[in-house]
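[1] sequence below, structure please.
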Amino acid sequence: MKNEGGKVKIIPLGGLEQIGMNITAIESGDDIIIIDGGLAFPDDDMLGVDLVIPDISYLRDNKDKIRGMVVTHGHEDHIGSIPYIEKEISIPIYTTKLTMGLIEYKLGMHGLLENVRRKVVTYGQIINLGCFRIEFIRTNHSIADSCALAIYTPAGIIVHTGDFKVDYTPVFGDVIDLQRFGELGKKGVLLLMADSTNVERTGYTPSEKMVGKTLDRVFDDIRDRRLIIATFASNVDRVQQIINSAYKYGRKVILEGRSMVNVMNIASELGYISIPDNTLINIDEAKNYPDEKLVYITTGSQGENMAALSRIAASIHNKISIVPGDVVIFSSSPIPGNEKSVYKVMNELEQKGARVIYHDTHVSGHACQEELKLIYALTKPKYAVPVHGEYRHLKRHSELANDMGIPKENIKILTCGDVLEVGEDSFDIVGKVPSGGVFVDGLGVGDVGNIVIKDRQHLSENGLMVVVITLESGSNQLLAGPDIVSRGFVYVREAEMLIEQCKDIAEEAVQRCITGSGADWSKIKACIREDLGEFLWQKTKRRPMILPIISEV
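    Model (predicted):
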């Protein structure tokens, strides 16, 4: 497969300098393959935005070259934007069984299931997509059926780890196929693209089974209270261990949260979770059992506003209310940036009399330093590109790669949109393509941009003042107004004098702009905004959005 002098381009369109929205294009000649299609959740300053998906302008412009999408695992930050991508470009999808099940559910929600070609692959299988051959390699992560990719290109072998850890005692499935990584290293790996999320942590990531032992102790210690356990819906192995402990200690299990129910249904149908008979009950059946015989498994471990646990904490859940003595377990750690939301929910729960447990009830799904070193030692790559992480993660990962013997000039920290050209003797950033986030707000995709977000921020910080005037057609005489409506700026009834002064300022601005021959509405509006804005800043040190409205009769 390797072609002396061959070159390949690596084009990350998301997932770098951030946690989430992972998507990378690999291009050679007239062929492009895509690795993953994830989304990100909005930052606090993205007011009203529901989701952030990658800008796929480059893929849209080169859609005739795209041979397929290969997906490493079923987390939202790797599959969440696939329906939005498929609406614009029809791309065949290749991935493992559980991951495909989760993708198919998403495609079905968007009415795309019949439109997208899909192929389930198994570990060790190799598929041909244009000039690329892609091999799927077993890994461990916090969701089953995760895989790394060995991509045979005209320039050499590229290994993409996906999100991974080395778990010698996984809850479901077998241990990561370290032997295959070693065999690839003997063949010669041109480039390694490895997970950076936990690169700042020394040592090894503990096994998922460690959480099962901790949960067992919690169930044993707390036999007389209701348990509510929050975790990621996609962490099927974690849910399996909670169910195992519940069954062992004679508790009934209620799944709460739409994504939790959906993922568990898919995992159960595909055989990735085993639920003993008569263990799972409907939420409406809970009243038939004493509290100490119940455990709720809910979404909302990240403090998401409308997730089940957040609604329970805020007393707006229609079927579950916290009672003093309840024990709430957070079986996850806050994603960077979510800490404030998580602690808010914890405090609300404690205020209602619940006891919150969050220590030692979670292990990461990502490799720490020693596991990363193991992958480098096995694959012996010539070049390294850290992926999946914020800048500090990528920087620390590049230092680790250097410690493992890769020269600094053979390591690149990329940003989204960079075009990295890799060959046997070339490793250079040769261009830039459009990248960044596209906002999804309700049913709108991309119709909310930075200007709209800035307007929303302005409104949220300073409020709105609407100035309404009516002019007589022909004579341009001021017939009515200015009338002023204020929202989020001042309470009108307590600021009558200020509002009257605003009316005078606006009227003076209108009269100054009106001439006998005609009235330039844009000029009038600009004068009102400028004069009122200056007056309000002097009086209040605030800058509300000023919106003049002119009508003509």
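
[2] from here on, contacts and neighbour counts on C-alpha atoms
    Fine.

[3] now do the buried residues in stretch 208-221.
    Neighbour counts over stretch 208-221 (16 or more other Cα atoms under 10 Å) mark 208-212, 215-216, 218-219 as buried.

[4] and the contacts of that stretch?
    Residues outside stretch 208-221 that contact it (Cα atoms under 8 Å, 6 or more residues apart in numbering) are 142, 167, 169-171, 237-238, 241-242, 245-246, 249, 360-363.

[5] could you give me the PyMOL selection string for whichever of these are buried?
    Applying 16+ other Cα under 10 Å to the contacts of stretch 208-221, the buried members can be selected in PyMOL as follows:
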select buried, resi 142+167+170+171+237+238+241+242+245+246+361+362+363
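
[6] out of the contacts of stretch 208-221, which one has the weakest pLDDT?
    Lowest pLDDT among those: Asp360, with 80.

[7] how about the helices in the stretch 401-550 of the chain?
    Taking DSSP state H, counting those that start in this stretch as the test, the helices found in the stretch 401-550 of the chain are 450-462, 496-513, 521-540.

[8] tell me which of those helices sits nearest to Met264.
    Closest approach to Met264 among the helices of the stretch 401-550 of the chain is made by helix 450-462 (36.0 Å; Cα to Cα).

[9] what residue ranges in this structure score low on pLDDT?
    Residues of the chain that meet the criterion pLDDT under 70 lie in 1-5, 42-50, 439-460, 474-476, 491-494, 515-519.

[10] what's the single longest strand in it?
    Counting by DSSP state E, the longest strand found in the chain is strand 478-487.

[11] who touches it?
    Contacts for strand 478-487 (Cα under 8 Å, 6+ apart): 463-472, 492, 499, 502-503, 506-507.

[12] quick one on the thing from earlier: mind putting the buried residues of stretch 208-221 into TSV with distance to Met264 and secondary structure?
    Below are the buried residues of stretch 208-221 laid out as TSV (distance: Cα to Cα, whole Å; DSSP: H, G, I helix; E, B strand; the rest coil):
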residue	distance to Met264	secondary structure
Glu208	18	helix
Lys209	19	helix
Met210	22	helix
Val211	19	helix
Gly212	18	helix
Leu215	19	helix
Asp216	21	helix
Val218	23	helix
Phe219	22	helix
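
[13] and the two most separated of these?
    Glu208 and Phe219 (17.3 Å).

[14] ok, Tyr376 touching Gly405?
    No: look at Tyr376 against Gly405 with Cα atoms under 8 Å: they stay out of range, at 9.2 Å.

[15] rewinding a little: out of the contacts of strand 478-487, which are buried?
    Among the contacts of strand 478-487, the ones that count as buried by 16+ other Cα under 10 Å are 463-471, 499, 502-503, 506-507.

[16] would you point out the most distant pair within those residues?
    Farthest-apart pair in those is Gly463 and Leu471; separation 26.5 Å (Cα to Cα).

[17] distance of Met210 relative to Asp216?
    Met210 sits 10 Å away from Asp216, going by Cα to Cα, to the nearest Å.

[18] excluding its backbone neighbours, what's nearest Arg60?
    Ile89 (6.7 Å; Cα to Cα, 6 or more residues apart in numbering).

[19] now do the phi/psi pair for the one you found.
    Phi and psi for Ile89, reported as degrees, to the nearest 10, are phi -140, psi 120.

[20] burial measure for it, as a count.
    Using other Cα atoms under 10 Å, Ile89 is surrounded by 17 other residues.

[21] ok, Gln125 next?
    Residues contacting Gln125 under the criterion other Cα under 10 Å number 10.

[22] mind listing what it touches?
    Neighbour list for Gln125: 135-136 [criterion: Cα under 8 Å, 6+ apart].

[23] next one: Ser310
    For Ser310, the contact set (Cα under 8 Å, 6+ apart) comprises 300, 303-304, 345.

[24] what helix or strand does it sit in?
    In this assignment (DSSP states H and E), Ser310 forms part of helix 308-313.

[25] so what touches the helix or strand Asn265 falls within?
    Element membership for Asn265, per DSSP H and E: helix 258-269. In this structure, residues lying in contact with helix 258-269 by Cα under 8 Å, 6+ apart are 98, 101-102, 232-234, 236, 255, 273-274, 298-299.

[26] any chance of these in CSV, with neighbour count, secondary structure and distance to Asp284 too?
    Shown next, in CSV, are those (neighbours: other Cα atoms under 10 Å; DSSP: H, G, I helix; E, B strand; the rest coil; distance: Cα to Cα, whole Å):
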residue, neighbour count, secondary structure, distance to Asp284
Leu98, 23, helix, 29
Gly101, 19, helix, 28
Leu102, 22, helix, 27
Phe232, 22, coil, 23
Ala233, 25, coil, 21
Ser234, 22, coil, 24
Val236, 23, helix, 24
Leu255, 22, strand, 11
Ile273, 20, coil, 23
Ser274, 13, coil, 22
Thr298, 27, strand, 15
Thr299, 26, coil, 18
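
[27] just to revisit the earlier point, quick one: buried residues of the helix holding Asn265?
    For helix 258-269, by 16+ other Cα under 10 Å, it's 259-264, 266-267.
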